[in-house]
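Participant: Structure for the following, please:
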Amino acid sequence: MEPRISLITLGVADLERSIAFYAAGLGLPCDRSFEGIAFFHLQGTWLSLYPREALAADAQVSPSGSGFCGFTLAHNVESKAAVDRVLAQAIAAGGKLLKSAQDTDWGGYSGYFADPDGFLWEIAWNPHFDLTK
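Facilitator: The predicted structure follows:
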């Protein structure tokens, strides 16, 4: 297997609400070329939104579940101030602040928000490892 993730698909409860959150709220470039799904072109990968029930059916698993899913998504930025800006943008767009930005035990600065479906996003600045490019 080649070392890359091509696409991350989030199973969402309300597709239009989630598209508004990511496109209008966070400013991600959205491609609506296909009905019933949205694609966002990111640097090096794609993010897609697809109805949760349909995604579960496609994978042949139950759509039920709650609580921590065992993963987070991360968005690294160039400074502490940028962490604060992105968190504020996510909250203004309808995200829920889970952890205010703060200095970390590994020497960086980060905070967490949840999108409208509860997916966890860490916004982080890492002075030791530049993941912004």
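Participant: Show me the helices in this protein, by range?
Facilitator: Using DSSP state H, the helices of the chain run over 15-19, 52-59, 80-92.
Participant: Of all those, which one is nearest residue 8?
Facilitator: Across the helices of the chain, residue 8 has its closest neighbour in helix 52-59 (11.7 Å, C-beta to C-beta). To be clear about C-beta, it is placed using only N, CA and C from the backbone, and glycine gets the same treatment.
Participant: Check which helices and strands that closest one is in contact with.
Facilitator: Here helix 52-59 touches strand 7-12, going by 3 or more C-beta pairs under 8 Å, 6 or more residues apart in numbering; DSSP states H and E.
Participant: The strand it packs on packs against which elements?
Facilitator: On a contact count with 3+ C-beta pairs under 8 Å, 6+ apart, strand 7-12 meets strand 46-51, helix 52-59.
Participant: The ones you listed: which one's closest to residue 73?
Facilitator: Closest to residue 73 of the helices and strands packed on strand 7-12, according to C-beta to C-beta: strand 46-51, at 8.4 Å.
Participant: Kind regards, and thank you for your time.
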